[in-house]
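Participant: have a look at this fold, sequence not included:
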């Protein structure tokens, strides 16, 4: 018995992932189709750098297609890109934050 022995059952269930609905056989796969942190749309400067730097530079508009982010267009500046990001995401009734 070492000094770093953990008390309790030998193999406690992991708390890192949420439980999967046993009635839905595709529940594990449907979770993967959600975008990271539920962000459906985002923007990035075309030539790199932070999004707040040089707000007059053009931006790439990225949308989640169910598997990855893909470029869907460009915006002339940061204000236009933020307006596009904050519109309602397609296929959802929610407003992006």
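Facilitator: Structure's in. What do you need? Since the model is a prediction, treat every value here as computed from it, not as a measurement. Residues are numbered from 1 along each chain as shown.
Participant: tell me the strands in this protein, going along the chain?
Facilitator: 41-45, 59-64, 69-75 (DSSP state E).
Participant: need the contact partners of the lengthiest helix in the chain.
Facilitator: When the chain is parsed with DSSP state H, its longest helix is helix 78-85. Contacts with helix 78-85, where a contact means C-beta atoms under 8 Å, 6 or more residues apart in numbering, come from 41-43, 51-52, 55-57, 59, 61, 75, 96. C-beta coordinates here come from the backbone N, C-alpha and C atoms, glycine included.
Participant: if we go to 6 Å?
Facilitator: By C-beta atoms under 6 Å, 6 or more residues apart in numbering, the residues outside helix 78-85 that reach it are 41, 43, 55, 59, 61, 75.
Participant: where's the closest residue to the third one other than its chain neighbours relative to residue 64, distance?
Facilitator: The spatial neighbour of residue 55 that comes closest, neighbours along the chain excluded (C-beta to C-beta, 6 or more residues apart in numbering), is residue 78 at 3.8 Å. Distance, residue 78 to residue 64, using C-beta to C-beta, to the nearest Å: 21 Å.
Participant: residue 66 is in contact with residue 33, isn't it?
Facilitator: Yes: using C-beta atoms under 6 Å, residue 66 is in contact with residue 33, at 5.2 Å.
Participant: next, format the contacts of helix 78-85 as a markdown table and append distance to residue 85 and pLDDT.
Facilitator: As requested, those are arranged in a markdown table below (distance: C-beta to C-beta, whole Å; pLDDT from 0 to 100):
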| residue | distance to residue 85 | pLDDT |
| --- | --- | --- |
| 41 | 5 | 90 |
| 43 | 6 | 90 |
| 55 | 14 | 90 |
| 59 | 9 | 94 |
| 61 | 8 | 95 |
| 75 | 9 | 95 |
